[in-house]
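> Here you go, sequence then predicted model.
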Amino acid sequence: MPSIIEQIASDLNISSASVSRALNDRPGVGKELRERILQRARELNYTPSVTARGLATSQTFTLGFFVRQKPNLSTKTDPFYGEILHGVEQVSAQSDYHVAIGTLTDSILSTPQDFRFVRERRVDGMILAGPDIPNDFIIAMRQTGMPIVLVDNKLDHARIDSVNTDDEQGGYLAARHLIEAGHRRIGIISGPQDWYSNARRVRGYRRALAEAGVPVCIVHAGRTTIDSGESAYHRLIEQQPDLTAVCAVNDSMAIGAIRAAQAQGRVVPDDLSVVGFDDIDWAALNNPPLTTISVPKRQVGQEAVRRLLSLLNEPDTHPVEVVVSVQLIERRSTGPCRDGRAI
């Protein structure tokens with residue numbers, strides 16, 4: 001029996017590669033052809049069509065908030081998405097809806113048609129939070145006709161509502177802070193290159209460095225944790241042993257970089273300045289307290305649920321991206337460059 005991709009390719013007399021690109025929100029497919037592919041996918045029950053029909057005739061008055069499952073981490077303990085969830089709950093409590101919280105396992109992500117919240121019509125709409133939720137899963141959820149709002153993510157081609165922070169401006173502010181302190185050998189620690197927020201933060205770093213004529217030294221990691229920050233720091237030092245400052249795409253990686261530098265005998269910020277991003281609770285408690293870009297996480301959650309409620313009331317409105325402003329919070333992990341060669 002042919003796969004869904006092979007079936008659509010045969011029906012439309014196009015390549016399987018074109019079908020795969022459309023279902024994964026990748027470039028290389030024209031707008032008209034993309035819509036034809038998605039329409040044929042709906043007709044073939046790429047996601048359970050019974051769900052879409054059920055959503056039109058019944059309501060649960062429940063909103064779903066879903067993040068990708070991470071090892072030893074839940075939405076209740078995640079310092080970033082947990083705060084966003086608080087914002088979601090604050091606004092939903094003022095409406096007729098309550099919030100169901102769930103994690104997306106690898107098994108769910110690989111078989112979206114089996115996702116019970118959708119298959120059993122347990123929610124009326126969903127917030128999908130995080131840049132690590134695969135595009136094909138998002139597209140599959142969209143195919144059900146259920147209202148969706150993305151948080152900390154955005155698809156390049158499929159038009160889906162999203163709420164994001166001004167990641168590029170935040171990256172720019174972080175790098176400018178180090179440049180204005182006299183640093184000229186600045187390393188960047190990033191997560192996966194294809195994560196939307198990571199890419200925009202790195203774009204901001206690069207813009208600030210380019211304006212100052214500072215060369216770019218960057219390493220990417222597969223995850224954005226304290227452990228991956230430590231290992232990324234070591235790879236960065238191998239490339240540029242005499243760097244005096246580091247920008248990290250989130251606070252966890254920044255904290256990991258500080259720990260790795262301190263283990264080498266470096267003093268932060270005398271020998272190395274470090275800037276994070278997100279301003280999670282751990283940032284202010286770190287030793288030394290972390291300079292970071294503050295993200296108004298509760299506001300992000302509030303904006304996301306407001307947008308989702310609007311879609312439930314007016315499903316035919318055009319998709320929008322809501323962008324929330326950020327600001328630099330200066331603490332004791334950054335200071336003036338003390339190496340005369342860097343000036």
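Perfect, thanks for sending it.
> ok, and the closest non-adjacent residue to the residue nearest the centre of the chain?
Here the mean C-alpha position of the chain is nearest to the C-alpha of Pro131 (Cα atoms, centre = their mean), at a distance of 3.0 Å. Among residues not flanking Pro131 along the chain, Trp195 sits closest, at 3.7 Å (Cβ to Cβ, 6 or more residues apart in numbering). C-betas here are computed from N, CA, C, even on glycine.
> mind listing what the one you found touches?
Going by Cβ atoms under 8 Å, 6 or more residues apart in numbering, Trp195 touches 131-132, 153.
> Same check on Asp96?
Counting by Cβ under 8 Å, 6+ apart, Asp96 makes contact with Phe61.
> what's the answer for the one 4 residues further on, then?
Ala100 makes contact with 62-65, 117, 122-123, according to Cβ under 8 Å, 6+ apart.
> right, and out of these, which lies closest to Arg331?
Phe65 (30.3 Å; Cβ to Cβ).
> can you give me the helices for this protein?
Per DSSP state H, the chain has helices spanning 4-12, 16-23, 31-43, 49-57, 81-92, 106-110, 116-119, 135-143, 167-180, 196-212, 226-239, 251-263, 281-285, 297-313. These are given in chain order.
> Can you add mean neighbour count and give those helices back as CSV?
Output for those, formatted as CSV (neighbours: other Cβ atoms under 10 Å):
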stretch, mean neighbour count
helix 4-12, 17
helix 16-23, 20
helix 31-43, 16
helix 49-57, 15
helix 81-92, 21
helix 106-110, 14
helix 116-119, 18
helix 135-143, 21
helix 167-180, 22
helix 196-212, 20
helix 226-239, 19
helix 251-263, 24
helix 281-285, 15
helix 297-313, 21
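> Mind putting those into TSV with mean pLDDT?
Shown next, in TSV, are the helices of the chain (pLDDT from 0 to 100):
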stretch	mean pLDDT
helix 4-12	84
helix 16-23	80
helix 31-43	83
helix 49-57	43
helix 81-92	95
helix 106-110	93
helix 116-119	85
helix 135-143	92
helix 167-180	98
helix 196-212	97
helix 226-239	97
helix 251-263	97
helix 281-285	94
helix 297-313	95
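> In CSV, list those along with distance to Glu330.
Putting the helices of the chain into CSV (distance: least, Cβ to Cβ, whole Å) gives the following:
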stretch, distance to Glu330
helix 4-12, 50
helix 16-23, 44
helix 31-43, 45
helix 49-57, 48
helix 81-92, 21
helix 106-110, 39
helix 116-119, 42
helix 135-143, 36
helix 167-180, 7
helix 196-212, 16
helix 226-239, 20
helix 251-263, 14
helix 281-285, 12
helix 297-313, 19
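> out of those, which comes closest to Val275?
That would be helix 167-180 among the helices of the chain, by Cβ to Cβ, at 4.4 Å.
> Phi first, then psi, for the residue nearest to the centre of the chain.
phi -80, psi -10 (degrees, to the nearest 10).
> measure the closest residue to Arg206 other than its chain neighbours to Met146 for me?
Closest residue in space to Arg206, ignoring its immediate chain neighbours: Val216 at 5.9 Å, by Cβ to Cβ, 6+ apart. Noted for Val216: a distance of 41 Å to Met146, by Cβ to Cβ, to the nearest Å.
> Compare the two (neighbour count), which wins?
Higher neighbour count among Val216 and Met146: Met146, with 22 against 13, using other Cβ atoms under 10 Å.
> Make sure that one is actually in contact with Met126.
Yes: in this structure Met146 lies within contact range of Met126 using Cβ atoms under 8 Å: 6.4 Å.
> wait, what's in contact with Arg34?
So Arg34 contacts 22, 157-158 (Cβ under 8 Å, 6+ apart).
> which among those residues gets closest to Val324?
For the contacts of Arg34, the nearest to Val324 is Ala158 (21.8 Å; Cβ to Cβ).
> Phi and psi next, for the residue nearest to Pro131.
Torsion angles, degrees, to the nearest 10, at Trp195: phi -80, psi 130.
> Equivalent analysis for Pro192, please.
Here is the backbone geometry of Pro192 (degrees, to the nearest 10): phi -60, psi 140.
> domain ranges for the protein?
As given by automatic domain parsing, the domain ranges for the chain are 1-46, 167-295+328-342.
> need the contact list for Asn13.
Counting by Cβ under 8 Å, 6+ apart, there are no residues that Asn13 touches.
> any idea how far it is from Ile37?
In terms of Cβ to Cβ, Asn13 sits 12 Å off from Ile37.
> Asp114 now?
Noted for Asp114: a distance of 22 Å to Ile37, by Cβ to Cβ.
> try Glu83
Going from Glu83 to Ile37 by Cβ to Cβ gives 38 Å.
> Out of the helices of the chain, the one nearest Arg338 is which?
Among the helices of the chain, helix 167-180 sits nearest to Arg338 (Cβ to Cβ), with 13.1 Å.
> and that closest one, how far from the chain's centre?
Mean-position distance between helix 167-180 and its chain equals 19 Å (Cα atoms, centre = their mean, to the nearest Å).
> again with stretch 24-36
When C-alpha coordinates are averaged (Cα atoms, centre = their mean), stretch 24-36 and its chain have centres 23 Å apart.
> and the end-to-end length of that stretch?
14 Å (Cα to Cα, to the nearest Å).
> Who's the closest spatial neighbour of Arg42, skipping the chain neighbours?
Gln143 (5.3 Å).
> close enough to count as contact, that neighbour and Arg40?
No: between Gln143 and Arg40 there is no contact under Cβ under 8 Å: 10.7 Å.
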